[in-house]
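J.: have a look; sequence and predicted model below, questions after that.
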Amino acid sequence: MPFQRPTLTQIVDRIRSDAESRYGQRVPRRSLINVFSLVCAGAVHSLYGYIEFVSRQIFAVSAEGAYLERRASEYGIYRRKATSAEGTITFSGTGTVPIGTVLQTADDIQYETTSVSDANGAASIQAIEAGASGNIPAGTILSLASPVVGIENEAVSEAVSGGSDIEDDESLRSRLLYRMRNPPKAGTKTDYVAWAQEVPGVTRAWCYPLELGPGHVTVRFMTDGATDDGIPSEVMVERVQEHIETLMPVTTILTVVAPVAKSLDMTLDILPDNPEIRTKIASAVRQIIQIEAEPATKVLLTSLNRAVASVEEVTSFRILSPTDDVEAATGEILVPGTISYE
């Protein structure tokens, strides 16, 4: 049977019993042996706790923090670092904006130019702080931190994307377990999936050999959390393409492409019905879609039923639409859509 860590009370009783057997009689109530038993038991209990912690760090399924990083490094897998969002911005005015010019949003997220503005006033920008917080939609207004001669103080950005936070333990663990269960074989489907997931920001990936003909390999991936629907930006597609090209066999013709989003809209009839319950339902549906959705596959109606039923506050519900499993065509992937209520 597995080892059971003794409780503090059990350790105290064991030490006291051992002391009594050596003392030759029952320990008096006010004896120092009782005090020593409590002190020693506390130290031993702490040691048991440390041993229990160390035992969890031996296995990939339970290791954490630096210990998980050490286990992953044995397979050449390392925690993905945070990356900075990149994009372009267009300035108005007659002057030229130099490299290193700092701009900021109304929320004080700062960016700096990485190129000199061209004749049309366009320049490349990058978030100063790495992380997903640097991703902003097209049309966001950025303000110059310091004036530039001949340039208006405010400028409109294109979509700035590609920013990702440092990888958490569960994502690193998932990649490690995938590698352990799928050893490299010089360019199999699992290799391309693992290579794609090495790029910061990639959360899911799939490989489709021969989709475009002999010698071709197509890779699709998602960046859940970086965008509303998880569809990767052009910046991320370029990063994944460049990374895989450094690892794949030289004879392969690689195509990395973002899946085409297909919204999975739903109509529900629920009891009771209030904004809080609707929020929980939306979260549950989003989670089940992220788990089950893959390009050119379906999300089962039973899975949608299970997602709605998982919200404890819902006592009765009907899914009015869809009425059957929802399927995506080649290159498409189902993403959470609009949930209507009747």
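T.: Cool, got the structure.

J.: shouldn't A123 be within a helix?
T.: No - A123 is assigned strand when assessed by DSSP: H, G, I helix; E, B strand; the rest coil, not a helix.

J.: please name the bridge partners of it.
T.: Beta-bridge partners recorded for A123 (DSSP bridges): I89.

J.: just the pLDDT for it.
T.: Per-residue pLDDT puts A123 at 95.

J.: pretty sure it sits against L103.
T.: No - with contact taken as Cβ atoms under 8 Å, A123 and L103 are classed as non-touching, separated by 9.9 Å. Where C-beta positions appear, they are placed from N, C-alpha and C, glycine not excepted.

J.: output the below-cut-off pLDDT ranges for this structure.
T.: For the chain, the stretches with pLDDT under 70 are 1, 27.

J.: just the buried positions in the lengthiest strand in it, please.
T.: Looking across the chain with DSSP state E, the single longest strand is strand 260-271. Buried residues in strand 260-271, counting neighbours by 16 or more other Cβ atoms under 10 Å, are found at A261, K262, L264, M266, L268, I270.

J.: what's the answer for stretch 156-165, then?
T.: Burial within stretch 156-165, assessed by neighbour count using 16+ other Cβ under 10 Å, is assigned to S157, E158, A159, V160, S161, G162, G163, S164, D165.

J.: quick one: contacts of it?
T.: Around stretch 156-165, the neighbours that count as contacts under Cβ atoms under 8 Å, 6 or more residues apart in numbering are 80, 82-90, 111, 125, 127, 130-142, 200-201, 223, 226-227, 233-236, 239.

J.: what about the helices in the stretch 51-200 of the chain?
T.: Secondary structure of the stretch 51-200 of the chain by DSSP state H, counting those that start in this stretch: the helices cover 65-73, 169-181, 189-197.

J.: check which helices and strands the longest one sits against.
T.: To tie it back to what came earlier, the one meant is helix 169-181. Under the contact criterion of 3 or more Cβ pairs under 8 Å, 6 or more residues apart in numbering; DSSP states H and E, the helices and strands touching helix 169-181 comprise helix 65-73, helix 189-197.

J.: so of those helices, which one's packed in deepest?
T.: A comparison of the helices and strands packed on helix 169-181 by mean neighbour count, using mean count of other Cβ atoms under 10 Å, puts helix 189-197 on top with a mean of 20.

J.: residues making contact with it?
T.: Contacts to helix 189-197, defined as Cβ under 8 Å, 6+ apart, come from residues 175, 178-179, 182, 184-185, 202-207, 209, 217, 219, 221, 240, 243-244, 247-248, 256.

J.: just the buried residues from these, in ChimeraX please.
T.: One line in ChimeraX is enough to select the buried ones among these; burial here means 16+ other Cβ under 10 Å:
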select :175,179,202,203,204,205,206,207,217,219,221,240,243,244,248,256
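
J.: what about the contacts of helix 189-197, which are in strands?
T.: When DSSP E is applied, the contacts of helix 189-197 are split such that R204, A205, W206, C207, P209, V217, V219, F221, V256 fall in strands.

J.: any idea how far the third one is from P147?
T.: In other words, W206. Taking Cβ to Cβ, to the nearest Å as the criterion, W206 is separated from P147 by 49 Å.
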